[in-house]
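Okay, sequence plus prediction incoming.
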Amino acid sequence: MNTNITAGTIARLICLALALVNQVLVMTGHSVLPIEDQTIELIVTNVWTVAAALWGYWKNNSWTLKARKADVYLADEKKKL
């Protein structure tokens with residue numbers, strides 16, 4: 001039974017964390033993206049944050065051991081059908 005946290009779950013968390021850090025930096029006046037027009041920078045930052053959040057939580061992110069065991073159980077039950 002494989003109950004490890006998947007690489008996709010970790011990748012989604014990292015992407016969301018980077019988007020949120022970038023968002024905070026922009027809000028405090030620190031430009032991370034080398035874009036001169038502030039409006040474009042805000043749009044890009046907001047789109048990135050929203051996309052990372054949606055991507056990160058669209059998937060089933062099983063962090064606890066109980067949830068990962070339930071994922072394995074569900075996959076086994078689907079194979080029986």
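That came through, no problem.

tell me which element residue 40 falls in.
If you go by DSSP states H and E, residue 40 is part of helix 38-58.

Going by neighbour count, which residues of that helix are buried?
Neighbour-count burial for helix 38-58 flags 41, 45, 48, 49, 52, 56 (criterion: 16 or more other Cβ atoms under 10 Å). To be clear about C-beta, it is placed using only N, CA and C from the backbone, and glycine gets the same treatment.

Other residues contacting it?
Helix 38-58 is contacted from outside by 12-13, 15-16, 18-20, 22-23, 26, 31, 33, 35, using Cβ atoms under 8 Å, 6 or more residues apart in numbering.

What is the least confident helix or strand in the chain?
Within the chain, no helix or strand scores below helix 38-58, which has a mean of 82 by mean pLDDT, DSSP states H and E.

same for the next helix or strand after that helix, what does it pack against?
For helix 38-58, the following helix or strand on the C-terminal side (DSSP H and E) is helix 65-80. Other helices and strands packing on helix 65-80, by 3 or more Cβ pairs under 8 Å, 6 or more residues apart in numbering; DSSP states H and E, are absent; none qualifies.

Contacts for helix 65-80 next, please.
The contact list for helix 65-80 (Cβ under 8 Å, 6+ apart) reads 1, 2, 3, 4, 5, 60, 62.
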